[in-house]
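Participant: any chance you could fold what I've pasted below:
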Amino acid sequence: MFTVIAEETGFVGAAVVLALLCWLCLRALRTALRAVDGYAALLSGGLCVWFAAQTFVNVAMTVGMLPVTGIPLPFISYGGSALSIDLAAAALLCSVARETAQSAALGLDADRATSEAVPRPENDPAPPDSTAVSPVLD
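Facilitator: Model prediction:
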């Protein structure tokens with residue numbers, strides 16, 4: 001499908017498609033860097049790498065740099081299952097971005113958000129103070 005877009009619209013159309021996919025990857029990376037917890041950061045980062053790798057392999061295959069494979073271009077190539085999975089991945093990214101924006105609006109940072117989300121059991125001791133100096137055994 002990328003070849004059809006590039007053939008019908010020329011360099012400008014191909015550049016617009018690649019710019020939009022690059023923008024999607026950069027937004028996913030931004031979401032990963034601003035995520036509230038580690039799971040959300042890994043999820044967003046993984047989806048960023050997934051979209052970027054699919055785009056790179058499909059475009060490299062189209063211009064003849066890689067052998068022909070069946071990897072579709074995200075949101076553009078034909079195939080109902082690929083499109084539905086891409087839309088589900090975009091929904092996960094939107095969910096992580098919304099959660100990050102809500103926690104930023106409430107003024108929670110990553111450490112406070114995770115410690116307040118999961119209450120510490122009564123018999124579990126508090127974590128050690130990071131400023132305390134531990135004794136060195138000789």
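Participant: what mean pLDDT does the helix or strand harbouring Phe51 have?
Facilitator: Using DSSP states H and E, Phe51 sits within helix 38-62. Average pLDDT, helix 38-62: 93.
Participant: which helices and strands sit right next to that helix?
Facilitator: helix 2-34, helix 80-106 (3 or more Cβ pairs under 8 Å, 6 or more residues apart in numbering; DSSP states H and E). The C-beta positions use only the backbone N, C-alpha and C, and glycine is treated the same way.
Participant: relative to Thr55, which of these is closest?
Facilitator: Comparison of the helices and strands packed on helix 38-62 against Thr55 by Cβ to Cβ identifies helix 2-34 as nearest, at 4.8 Å.
Participant: the inter-axis angle of the closest one versus helix 38-62?
Facilitator: 160 degrees (axes from the mean of the first three to the mean of the last three Cα atoms, to 10 degrees).
Participant: which other helices and strands contact helix 2-34?
Facilitator: helix 38-62, helix 80-106.
Participant: can I get these in a markdown table including distance to Ala28?
Facilitator: Shown next, in a markdown table, are the helices and strands packed on helix 2-34 (distance: least, Cβ to Cβ, whole Å):
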| stretch | distance to Ala28 |
| --- | --- |
| helix 38-62 | 4 |
| helix 80-106 | 5 |
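Participant: export the ones you listed to a markdown table and append columns for mean neighbour count and distance to Val12.
Facilitator: Below are those laid out as a markdown table (neighbours: other Cβ atoms under 10 Å; distance: least, Cβ to Cβ, whole Å):
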| stretch | mean neighbour count | distance to Val12 |
| --- | --- | --- |
| helix 38-62 | 17 | 16 |
| helix 80-106 | 15 | 24 |
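Participant: tell me which of those approaches Leu73 most closely.
Facilitator: Here helix 38-62 is closest among these (Cβ to Cβ), at 4.3 Å.
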